[in-house]
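Asks: sequence and predicted structure, then a few things I'm wondering about:
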Amino acid sequence: MSGLLGARTCSSPGEVSDLKSPLGTKLREPLTEARFQQLFGGAEQEQELLAEPRWSGLCRLWKRPARACSGPGLWRLLRARLPPLRWLLHYRWRAWLLGDVVAGVTVGIVHVPQGMAFALLTSVPPVFGLYTSFFPVLIYTLLGTGRHLSTGTFAILSLMTGSAVERLVPEPLAGNLSEIEREQLDAQRVGAAAALAFGSGALMLGMFVLQLGVLSTFLSEPVVKALTSGAALHVLVSQLPSLLGLPLPRQIGCFALFKTLAAVLTALPRSSPAELTISALSLALLIPVKELNVRFRDRLPTPIPGEIVMVLLASVLCFTSSLDTRYNVQIVGLLPGGFPQPLLPNLADLPRILDDSLPIALVTFAVSTSLASIYADKYSYTIDSNQELLAHGASNLISSLFSCFPNSATLATTSLLVDAGGNTQLAGLFSCIVVLSVMLWLGPFFYYLPKAVLACINISSMRQMFFQMQELPQLWRISRIDFAVWMVTWVAAVTLSVDMGLAIGVIFSMMTVVCRTQRVQCVALGLAEGTELYRPLKESHKLLQVPGLCILSYPTPLYFGTRRQFHHKLEWHLGLGRGKETPKMHGPPDAVAEPVRVVVLDCSGVTFADAAGAKEVVQLASRCQDAGIHFLLAQCNASVLGTLTQAGLLDRVTPEQLFVSVQDAAAHALERLELTGPKTCTVWV
């Protein structure tokens, strides 16, 4: 490396080049991989590990549960699986308690109307939305790691669950059901929704056992935001019949959004003027209140509870004007008081609902983990993605025993909790107290609540998701590929369905990653004069290049998908292709191309290699040996080097040809080339 620093501009053929660096450094001994292992003991440790009997490793596996069953081990396990045992010890009661109380009560007040609204979106009676706003929140408070996360009913999951429930338990074509038939139909739909919660919870618990929290890394931000934005449009369109007072059946399957729009436009002359007036007045109140909460969030001590105010006003108006009897306005009706009776979902239905439970579980995990990560980064703490799988899995599975439908973290109430001053999961406990009071005592006050108001609450809660489209211009400037991922996911979610949009978005996102690895170029490197940095020769820097020496960097994983590209690129750079032509080196126009005598392959960008990629490197080393080219390998990580060794690399090269850095490999190459007579070139590119 230091010798290259001393390379000077093209000298005459008989002139001996000076190898002294302008900085006055001397050529140091190259540090090979073998020498590095000898100096620092890595090889001895590896041999000791390899020589260790296999039974000793099995003994350690048996001892680990034994240590966990001890007193300290059990305490560590409880602290890991019950986060309140950790954060309650450091809870700042004077600084945080008031904020948690105010935030919890505020979120609980919002949970009541939203829970009933999302229950209608799920095609179950409104009271089951209250159950889903109580039991899951209580369980997540005990198991979750997101300090600012608010769980409960979520519009997207309610929409997905409602579509599955409508398909599993369709409404009879005859219509005009009697009260008993309606109760039976509702009971069957509640059972189907609870079975979906049970199935999705069981899947998330299975993912927790397999430690699959790492899957959250594959759910990119464009996919999640496009999915929620597309689902918000589905929610808006699905609520149009309720806004207009049209008793239309819900459309399910692909293109359901367009089918619903066509049905609404066809039945528009039959809309109810009374319910249309209620919807218009409700939206006229809810949307400005939400805008005020956003614009003046720093000045307001607590956000204005527009939903609960609207619920009270509409209930009083409907009761005093008898809108339900005079104008046939659909109302919520009687909310049963008390707790639901624990009931195990019908396990015979699980095979039928597996196809629906999987996307629900993935959406729950994707939205909840992404939302928890956003606030964890903002407030400087960490979350455990595997513990989140346990929390949401247990939340869905246990709550399904109390007739709850699938639930997750919610965007609107999480933002509301943060704005109201929430600090820890303790806010969820106060939110549960508010919902519990409604379940036990205050339910009759919502008897005359018009269902059109609940539809307006559904639509207004999607406000943040609609505004995510404002980020598209900035996303276009930052990354065109992420923009394409966003658009493909959104179009798929809107035109097909939410679960299909999730699948297509994830697949397309992964395809872009694979395609980008295919487009990575193998670049030749040269030393920037006066530095120790190797830069691509195509960059506009003054670079030093040694004839006969080729330093190549391949900055992408080496696997079956890139092995062909790796093969062709290396052939071209080394002149090993057909005709053995030597590529034109970057340099002055009159420079004469010299065959490559030493090649240094920089593997710092190769994060992993599979069997096919490793065999390609071994074949390259063999071809270089046959062509008289000295092959050097630099900066391989331990995983890649282990794969190459298993593929037989050491049968083609010696450990002295493996280097810990490109600089050491280049220094060894200069010694190999005996660079005291050959000339060096300063290349301006």
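Replies: That came in fine, so what should we check first? Numbering: from 1, shown residues only.
Asks: from here on, contacts and neighbour counts on C-alpha atoms
Replies: Will do.
Asks: burial count for residue 512?
Replies: Neighbourhood size, residue 512 [other CA atoms under 10 Å]: 16.
Asks: host element of it?
Replies: Taking DSSP states H and E as the definition, residue 512 sits inside helix 498-518.
Asks: now do whatever helix or strand comes next after that helix: which elements does it pack against?
Replies: Sequence-wise, the next helix or strand beyond helix 498-518 is strand 523-528, with elements assigned using DSSP H and E. In this structure, strand 523-528 makes packing contacts with strand 534-536, strand 542-545, strand 549-553, judged by 3 or more CA pairs under 8 Å, 6 or more residues apart in numbering; DSSP states H and E.
Asks: quick one: which of those strands has the weakest pLDDT on average?
Replies: Note on those: strand 542-545 shows the lowest mean pLDDT, a mean of 64.
Asks: so which residues of the stretch 151-300 of the chain form helices?
Replies: 155-168, 179-209, 221-238, 240-244, 256-267, 273-295 (DSSP state H, counting those that start in this stretch).
Asks: looking at those, which is nearest to residue 556?
Replies: helix 221-238 (22.8 Å; CA to CA).
Asks: pLDDT averaged over the closest one - what is it?
Replies: Per-residue scores along helix 221-238 average to 85.
Asks: coming back round to it: for residue 484, find the nearest of the helices of the stretch 151-300 of the chain.
Replies: With CA to CA as the criterion, residue 484 lies closest to helix 221-238 of the helices of the stretch 151-300 of the chain, at 9.0 Å.
Asks: what does that closest one contact?
Replies: Helix 221-238 has contacts (CA atoms under 8 Å, 6 or more residues apart in numbering) with 155-156, 159, 250, 257, 260-261, 366-367, 370, 458-459, 462, 465-466, 468-469, 482-483, 485-487, 489-491, 493-494, 498, 501-502, 505-506, 509.
Asks: list only those of the residues you listed flagged as buried.
Replies: Neighbour-count burial (16 or more other CA atoms under 10 Å) is assigned, among the contacts of helix 221-238, to 155-156, 159, 250, 257, 260-261, 366-367, 370, 458-459, 462, 465-466, 482-483, 485-487, 489-491, 493-494, 498, 501-502, 505-506, 509.
Asks: my guess is residue 631 is in a helix, correct?
Replies: No. The assignment for residue 631, made by DSSP: H, G, I helix; E, B strand; the rest coil, is strand rather than a helix.
Asks: what sits closest to it if chain neighbours are left out?
Replies: Spatial nearest neighbour of residue 631, chain neighbours left out: residue 599 (5.3 Å); criterion: CA to CA, 6 or more residues apart in numbering.
Asks: that neighbour: neighbouring residues, count only.
Replies: Residue 599 has 22 nearby residues by other CA under 10 Å.
Asks: and for residue 377?
Replies: Counted by other CA under 10 Å, the residues lying close to residue 377 total 11.
Asks: repeat for residue 515
Replies: 12.
Asks: and what of the one 4 residues further on?
Replies: As a burial measure, the neighbour count of residue 519 was computed by other CA under 10 Å and equals 11.
Asks: who touches the residue nearest the centre of the chain in this structure?
Replies: Against the mean C-alpha coordinate of the chain, by CA atoms, centre = their mean, the closest residue is residue 219 at 3.0 Å. By CA under 8 Å, 6+ apart, residue 219 lies in contact with 366, 506.
Asks: in the chain, where is pLDDT below threshold?
Replies: Within the chain, the segments meeting pLDDT under 70 span 1-29, 40-70, 173-175, 216-217, 520, 528-534, 537-545, 577-593, 675-685.
Asks: next, the contact list for residue 171, please.
Replies: residue 185.
Asks: where's it relative to residue 189, distance?
Replies: The gap separating residue 171 from residue 189 is 10 Å, by CA to CA, to the nearest Å.
Asks: the spatially closest residue to residue 204 that is not a sequence neighbour and residue 277: what is the separation?
Replies: Spatially, and ignoring its direct neighbours in sequence, residue 204 is nearest to residue 393 (4.8 Å; CA to CA, 6+ apart). Distance of residue 393 to residue 277, given as CA to CA: 42 Å.
Asks: looking at these two, which is more packed in?
Replies: A side-by-side neighbour count of residue 393 and residue 277, using other CA under 10 Å, places residue 393 first with 31 against 13.
Asks: ok now do that one, which residues does it touch?
Replies: Going by CA under 8 Å, 6+ apart, residue 393 touches 200-205.
Asks: what would these look like in TSV with neighbour count?
Replies: Formatted as TSV, those follow (neighbours: other CA atoms under 10 Å):
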residue	neighbour count
200	29
201	31
202	22
203	21
204	30
205	25
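Asks: and of those residues, the nearest to residue 399?
Replies: In terms of CA to CA, no member of the contacts of residue 393 lies closer to residue 399 than residue 201, at 9.3 Å.
Asks: surely that closest one meets residue 401?
Replies: No. Contact criterion CA atoms under 8 Å: residue 201 and residue 401 do not qualify, at 11.3 Å.
Asks: what's the local residue count around residue 190?
Replies: 25.
Asks: got it, and residue 608?
Replies: Residue 608 has 19 nearby residues by other CA under 10 Å.
Asks: looks like it contacts residue 558 (just checking).
Replies: Yes. Under the criterion of CA under 8 Å, residue 608 makes contact with residue 558 at 6.3 Å.
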